[in-house]
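> Return a 3D structure for these sequence lines:
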Amino acid sequence: MRDYWLTRLLAASLTIFIISLLVVPTLAATPTYFQRGLALLLSLVLGVLYRPTRSNRFPVPARVFDGLVVLLSIVSFGYIVSNSTAIVGRVGAGNTADLAASVLGTLVVLELARRWTPPALLYLSLFFAAYAFLGHLVPVSVLKCPPISIEQFITYTMISQEGVLGVGVAVMVDIIFIFLVFSAILKLTGIGDFILNFAKAAVGRFTGGPALAAIVGSSLFGMVSGSPVANVAAVGTITIPLMMRVGYHPYFAGAVEAVASTGGQIMPPVMGSIAFFIAEVTGTPYVKIAMYAIIPALVYYSSAAFSVWLEAKRIGLSGLPKSELPNLKEVLRSGWFCLLPLVLLVVLLVVGLTPQRSAWYASLLAAAIGVLKRAGIRKFVDVLIDAARSSLGVMIAVACIGIVIASIAVTGLAPKLAALVAAITGGSWLIGLLVVAIFAIILGMGLPPLPVFIVVYVATAQIIPHLTALGIPALAVYMFMFYYSAMAPVTPPVALAAYTAAGIAGTDPFLVGWRAFGLALAGFAVPYLFVQHPQLLLMGQLWPDMLLPIGKACLLIFSGALVTVGWLIKNLSVWQRALGFLAVIGLILPVGWGLPAALALLVLGLLPIVFKRGRSGAESALEFASKKGDGNDPGQNMKA
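I've put the predicted structure just below:
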């Protein structure tokens, strides 16, 4: 809808409130549930204003319904905010007013989730809520739970650390929101144009240059946008038509942009919201999480880059013409200052400042640069509004996911699932992680990355001690969950980043989704490598122990690209691509014969190409020699 003055005022107020929690000591000292409740209240009201009910047949009832939702939001969360300290002390045994406010608040969150999130999140929340009430009737003993009263469930769902106002909203309010502010202010420096021009100048001249520029540009722009879908929408409008113009098929161009934009979440130094969540729940400094992610992110993007290079070779493409390439020195000379806020952010994180403080100081520097570039008051107001607007989808999603978390916690389902998984896996960490991966992939088909991670984290947290007992570092398990959750935007059938790219490319979203899924193969395979070899996460003894996992990672990049593109010198047959896929499996298996088997499969698959190429070269040489012997050599004829 059009931004009316009330909507803009509330959006700016939400951003100012979040900033004030960081810089105003008096406000920062208020109870945490007051802070979370007020932030969520403003978000819910804004959610209604930005996405009102639309009905051509019944416009008046639609407006009345929206007004009712806003009123219920104010009543329920207003009560919670004004009585937060007392309510927290009555969790699970609240009075009538607590119960009424919690019921109304839960219904409002579900309604806003219906408007703002994929349907799967709403269905998942309703399913787990139903399980909380009906779980005692389940005939399977391992899934059976004790009877739970509505008072216990509803108040626990709304107020507890595992509920609607629990850890998900806490991470949004405390950390993620200020990074959204940083991203919005950073755009005032002109960093978007700088990144795109730098990417084209750096790699545009190479074979497959436009696609390589999309990968470089999107990996960098992901630090600014904070969302794969927003990344595709911002960068893809430039890179996708450029790739199509030089000869890439529309569905391939869309897939490349979707994969590159999704990788922005796993690319340090400014990663996606999941990284902040991991830092918060594990007590690990964010800078360490970013350090752990460096090599896996490089493997992911190297695989995508090699794939687009092979595709360019397969269809005979070259780089961009020199006339279309920006001058790299000129790009750096005119835009180097855009990087200063990012540099400051990294430095502050390294020296030990909290992520939110680091982001705030970097935001101030970005704002100063914006002022020097003549950004007026209106642009800064728009920054406040854009930050709030970009937070709504995630804020509402994590609030709704609180219903799922509370249901799992109050029913005691998590330890039961852990015991079941432990019984299934026995002494195999591979099977345990496979269960986690399948769970994350299924959730990723319908949920954004952060809600996927939160559900996986809560449902499988009890499995982590079992996996660590088998020799897997706990943080490696969290990074494993991180990767499989982060791949949600390119996981069909609901691959949101791929579908956004398909809209720009004007092609079938289904084809783009599956092509992106293939191009992101390294993102699904490399987690199995780094849980076996923590050196890829820069953990443990690095030298010379790093050599083996780096070699495996290089083979993974090579094998994955062959499987995805199906070309090396010539088109590969189905059986050759199948051998390449089996080689990928061999590389990630935790067995001594996995690497030799992968090498043998690659040699077996590529030997016919090498043999045929050698034979063709020999035949060409013999043909040339026979012509020379017959006196048909062009050089001899010219001398004659």
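> contacts, neighbours, all on C-alpha from now
Noted.
> What mean pLDDT does the host helix or strand of V108 get?
Following DSSP states H and E, one finds V108 within helix 96-116. Average pLDDT, helix 96-116: 89.
> how far does that helix sit from the chain's center?
Counting by C-alpha atoms, centre = their mean, to the nearest Å, helix 96-116 is centred 28 Å from the centre of its parent chain.
> list the helices and strands that helix packs on?
Under the contact criterion of 3 or more C-alpha pairs under 8 Å, 6 or more residues apart in numbering; DSSP states H and E, helix 96-116 touches helix 32-50, helix 59-82, helix 119-134, helix 150-159, helix 377-411.
> Does anything pack onto the shortest one? Which helices or strands?
So that's helix 150-159. Contacting helix 150-159 under the criterion 3+ C-alpha pairs under 8 Å, 6+ apart are the following elements: helix 96-116, helix 377-411.
> swap in the last one?
Here helix 377-411 is seen to pack against helix 5-23, helix 32-50, helix 96-116, helix 119-134, helix 150-159, helix 167-171, helix 177-186, helix 449-460 when contacts are counted using 3+ C-alpha pairs under 8 Å, 6+ apart.
> what mean pLDDT does stretch 607-621 have?
Per-residue pLDDT values over stretch 607-621 give a mean of 60.
> Could you do stretch 327-339 as well?
Across stretch 327-339, the per-residue pLDDT values average to 86.
> got it, and stretch 270-284?
84.
> pLDDT at the nearest residue to L188 once chain neighbours are set aside, what is it?
Spatial nearest neighbour of L188, excluding adjacent residues (C-alpha to C-alpha, 6 or more residues apart in numbering): G370 at 5.1 Å. Reported pLDDT at G370 in the predicted model: 85.
> count of residues packed around the residue nearest to S20 when sequence neighbours are not counted?
Using C-alpha to C-alpha, 6+ apart and skipping residues adjacent in sequence, the residue nearest S20 is L27, 6.8 Å away. For L27, the count of nearby residues is 15 (other C-alpha atoms under 10 Å).
> what helix or strand is L27 on?
L27 is located in helix 25-28, with elements delineated by DSSP H and E.
> Deepest in the core, which of the helices and strands packed on helix 377-411 is it.
helix 177-186 (a mean of 26; mean count of other C-alpha atoms under 10 Å).
> Past that one, which element shows up next along the chain?
Moving toward the C-terminus from helix 177-186, the next helix or strand (DSSP H and E) is helix 191-203.
> roughly how far out does that next one sit from the chain middle?
The chain centroid and the centroid of helix 191-203 are separated by 22 Å under C-alpha atoms, centre = their mean.
> now for it, which elements pack on it?
Against helix 191-203 (3+ C-alpha pairs under 8 Å, 6+ apart) you get helix 209-225, helix 328-335.
> Go again with 6 Å.
Helix 191-203 sits against helix 209-225, with contacts defined as 3 or more C-alpha pairs under 6 Å, 6 or more residues apart in numbering; DSSP states H and E.
> Just the CA atoms of the helix it packs on, as PDB, please.
Provided in PDB are the C-alpha atoms of helix 209-225 (Å, rounded to 0.1, in the frame of the first residue of the first chain):
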ATOM      1  CA  GLY A 209      32.100 -12.500 -17.300                       C
ATOM      2  CA  PRO A 210      28.600 -11.300 -16.600                       C
ATOM      3  CA  ALA A 211      27.800 -14.400 -14.600                       C
ATOM      4  CA  LEU A 212      31.000 -14.100 -12.700                       C
ATOM      5  CA  ALA A 213      30.200 -10.500 -12.000                       C
ATOM      6  CA  ALA A 214      26.800 -11.500 -10.700                       C
ATOM      7  CA  ILE A 215      28.500 -13.900  -8.300                       C
ATOM      8  CA  VAL A 216      31.100 -11.400  -7.100                       C
ATOM      9  CA  GLY A 217      28.600  -8.500  -6.900                       C
ATOM     10  CA  SER A 218      25.900 -10.500  -5.100                       C
ATOM     11  CA  SER A 219      28.300 -12.000  -2.600                       C
ATOM     12  CA  LEU A 220      29.400  -8.500  -1.700                       C
ATOM     13  CA  PHE A 221      25.900  -7.000  -1.900                       C
ATOM     14  CA  GLY A 222      24.600  -9.700   0.400                       C
ATOM     15  CA  MET A 223      26.400  -7.900   3.200                       C
ATOM     16  CA  VAL A 224      24.300  -4.800   2.500                       C
ATOM     17  CA  SER A 225      20.900  -6.200   1.800                       C
END
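> and it with helix 191-203, angle?
Relative orientation of helix 209-225 versus helix 191-203 (axes from the mean of the first three to the mean of the last three C-alpha atoms, to 10 degrees): 150 degrees.
> What segments of the stretch 451-600 of the chain are strands?
Applying DSSP state E, counting those that start in this stretch to the stretch 451-600 of the chain gives strands spanning 567-568, 570-571.
> which of those is buried the deepest?
The highest mean neighbour count among the strands of the stretch 451-600 of the chain, using mean count of other C-alpha under 10 Å, belongs to strand 567-568: a mean of 18.
> average pLDDT for that one?
Rounded mean pLDDT across strand 567-568 is 80.
> strand partners of it, parallel vs antiparallel please.
strand 570-571 (antiparallel) (DSSP bridges).
> from the chain's centre, how far out does the partner strand sit?
Remark: strand 570-571 is offset 33 Å from the chain centroid, using C-alpha atoms, centre = their mean.
> So what touches it?
Applying C-alpha atoms under 6 Å, 6 or more residues apart in numbering, strand 570-571 has no contact partners.
> quick one on the thing from earlier: let me have the helices and strands packed on helix 377-411 in JSON lines, extended by distance to G335.
Formatted as JSON lines, those follow (distance: least, C-alpha to C-alpha, whole Å):
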{"stretch": "helix 5-23", "distance to G335": "28"}
{"stretch": "helix 32-50", "distance to G335": "35"}
{"stretch": "helix 96-116", "distance to G335": "36"}
{"stretch": "helix 119-134", "distance to G335": "42"}
{"stretch": "helix 150-159", "distance to G335": "47"}
{"stretch": "helix 167-171", "distance to G335": "33"}
{"stretch": "helix 177-186", "distance to G335": "13"}
{"stretch": "helix 449-460", "distance to G335": "32"}
